[in-house]
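Peer 1: from the sequence below, what's the structure:
(one chain, ligands or ions: 1)
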Amino acid sequence: MPQAFANDVLIGQGAQPEEVFILSLKKLETQTIFIPDSDAELVETDLLIIGGGPSGLTAGIYAVRSGLRAAVVEREALGGQVATTPIVENYPGFTSVGGKTLVDIMVSHALQYVQIFQGEAVMDLQVGKPITVVTTRRKFLTKSVLLATGATHLHLNVPGESRLSGRGVSYCSTCDGPLFKGKKVVMVGGGNSAVTEALHLFHMGVDVTLIHRRDKLRAQDFLAKQLSDNNIAVLWDTEIKEIRGKERVEEILIVNNKTNESSTFETNGVFIAIGYTPAVELAQKLGVEVTADGYIKHDGKHRTNIPGVYSAGDVEGGYKQIVTASGQGAEAAMTIFEDLINPYWLN
Ligand SMILES: Cc1cc2nc3c(=O)[nH]c(=O)nc-3n(C[C@H](O)[C@H](O)[C@H](O)COP(=O)(O)OP(=O)(O)OC[C@H]3O[C@@H](n4cnc5c(N)ncnc54)[C@H](O)[C@@H]3O)c2cc1C
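Peer 2: As a prediction, the model looks like this:
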């Protein structure tokens with residue numbers, strides 16, 4: 001099997017998707033996980049899992065351990081959002097672990113059971129018996145599909161935001177809030193998520209100020225009342241124009257959009273909760289129903305409105321954590337096993 005070395009570091013082994021190889025080359029990172037490549041043009045499975053984040057990988061482990069022939073297809077980096085997380089401190093079993101390390105552990109665990117096709121995107125699906133799934137590299141015929149395609153945060157798209165992401169800029173108070181205990185942060189947004197997360201930070205002992213671009217919150221009244229009951233400051237009609245800091249966030253440049261007055265505001269952190277975009281293009285192509293917020297509609301067993309098509313993880317909405325996504329992946333795989341031996345749609 002050919003091996004690729006750069007500066008004496010083993011960065012690739014065997015045939016790898018181009019993106020993965022380039023990533024390893026750029027980072028000059030020793031690759032410990034090697035995903036076997038496949039030339040198969042047609043693959044038949046009982047379950048095809050779309051998305052190699054925590055929900056998809058966990059579903060793969062549970063499905064194969066139940067006796068199903070399952071495969072995971074991932075278009076980008078395995079691990080999904082976890083691959084971009086600097087440190088994870090709330091996944092049981094690890095008091096503090098790098099996102100990349102956690103992904104490597106999850107992937108090597110999953111590889112013991114499930115075949116993974118990395119670097120190929122699912123382009124099309126057609127419901128039938130079997131369901132046909134077309135990726136950028138091959139075709140799958142499968143009895144069931146799990147949509148574990150995740151979601152992405154909306155960004156402010158202001159200077160400094162991406163550079164300081166993970167260095168004071170955060171999209172998750174549950175994940176990063178404890179790091180800011182006794183420090184000063186701003187929470188950006190005006191909906192239920194932003195207000196809930198501001199309250200969450202406040203109860204963790206963080207000095208939080210809410211920044212909202214309008215003069216009224218979209219959040220429900222009982223949440224808004226808790227803000228005032230706890231004397232949490234709100235900057236109304238205010239937008240962030242720049243996030244500044246050398247190594248970490250130090251201050252923000254803000255502007256009042258009614259008066260056009262700009263000023264700076266010292267802060268240790270900027271939490272952003274202005275919404276998510278769930279990855280539901282494939283679901284919509286199939287005719288899977290989505291909620292008013294755009295997430296996949298599902299029942300308590302992760303079944304969608306289309307028999308044989310299931311969902312798990314952030315694409316379903318909810319708490320959007322690694323542990324919840326993994327749990328949902330496990331639940332969905334167990335339902336799929338039960339449904340394939342006793343199809344509920346025939347009863
Ligand atoms: C910066 C950051 C920090 C975070 N920190 C924490 C933390 O500390 N603790 C915590 O619990 N949670 C954290 N989270 C949240 C956590 O990472 C997510 O809740 C979790 O990854 C969701 O898992 P998932 O499998 O549902 O989706 P994702 O992780 O989003 O994975 C979905 C995967 O599906 C793939 N996909 C989508 N469409 C296709 C397609 N058509 N074909 C093939 N593949 C496709 C995507 O490429 C992606 O890899 C963080 C998130 C971010 C962004």
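Peer 1: can you pull the pLDDT of the closest residue to the ligand within the stretch 101-250 of the chain?
Peer 2: Using Cβ to the nearest ligand atom, the single residue of the stretch 101-250 of the chain nearest to the ligand is residue 150, 2.1 Å away. Every residue, glycine included, has its C-beta placed from N, CA and C. Note on residue 150: pLDDT of 97.
Peer 1: for residue 213, same thing?
Peer 2: pLDDT, residue 213: 96.
Peer 1: list the buried residues in stretch 177-185.
Peer 2: Going by neighbour count (16 or more other Cβ atoms under 10 Å), the buried part of stretch 177-185 is 177, 179, 180, 185.
Peer 1: ok, the residue of the stretch 101-250 of the chain closest to the ligand touching residue 313?
Peer 2: Yes. Using Cβ atoms under 8 Å, residue 150 makes contact with residue 313 at a distance of 6.0 Å.
Peer 1: list residues touching both of those two?
Peer 2: 51, 53, 55, 325 (Cβ atoms under 8 Å, 6 or more residues apart in numbering).
Peer 1: do you know the pLDDT at the last one?
Peer 2: Confidence at residue 325, expressed as pLDDT, is 98.
Peer 1: you'd agree it is up against residue 52?
Peer 2: No. Contact criterion Cβ under 8 Å: residue 325 and residue 52 do not qualify, at 11.8 Å.
Peer 1: who does residue 142 form a beta bridge with?
Peer 2: On the basis of DSSP bridges, residue 142 is bridged to residue 45, residue 131.
Peer 1: what sits against it?
Peer 2: Contact analysis of residue 142 by Cβ under 8 Å, 6+ apart lists 44, 45, 46, 47, 48, 130, 131, 133.
Peer 1: what score does the closest residue to residue 115 other than its chain neighbours have for pLDDT?
Peer 2: Nearest residue to residue 115, sequence neighbours excluded (Cβ to Cβ, 6 or more residues apart in numbering): residue 71, at 4.6 Å. Per-residue pLDDT puts residue 71 at 98.
Peer 1: hang on, the earlier thing: mark which of the buried residues of stretch 177-185 are part of strands, please.
Peer 2: Using DSSP state E, the members of the buried residues of stretch 177-185 that fall in strands are residue 185.
Peer 1: so what touches the strand or helix carrying residue 227?
Peer 2: Assigned by DSSP states H and E, residue 227 belongs to helix 221-229. Contact with helix 221-229 is made by 192, 195, 196, 198, 199, 210, 217, 234, as judged by Cβ under 8 Å, 6+ apart.
Peer 1: over to stretch 122-141?
Peer 2: With contact meaning Cβ under 8 Å, 6+ apart, stretch 122-141 is reached by 38, 40-45, 48, 50, 71, 73, 75, 117, 120-121, 142-145, 282, 285-287, 306, 308-309.
Peer 1: can you list the buried residues in that stretch?
Peer 2: Residues of stretch 122-141 classed as buried: 122, 125, 130, 131, 133, 135, 137, 138, 140 (neighbour count, 16+ other Cβ under 10 Å).
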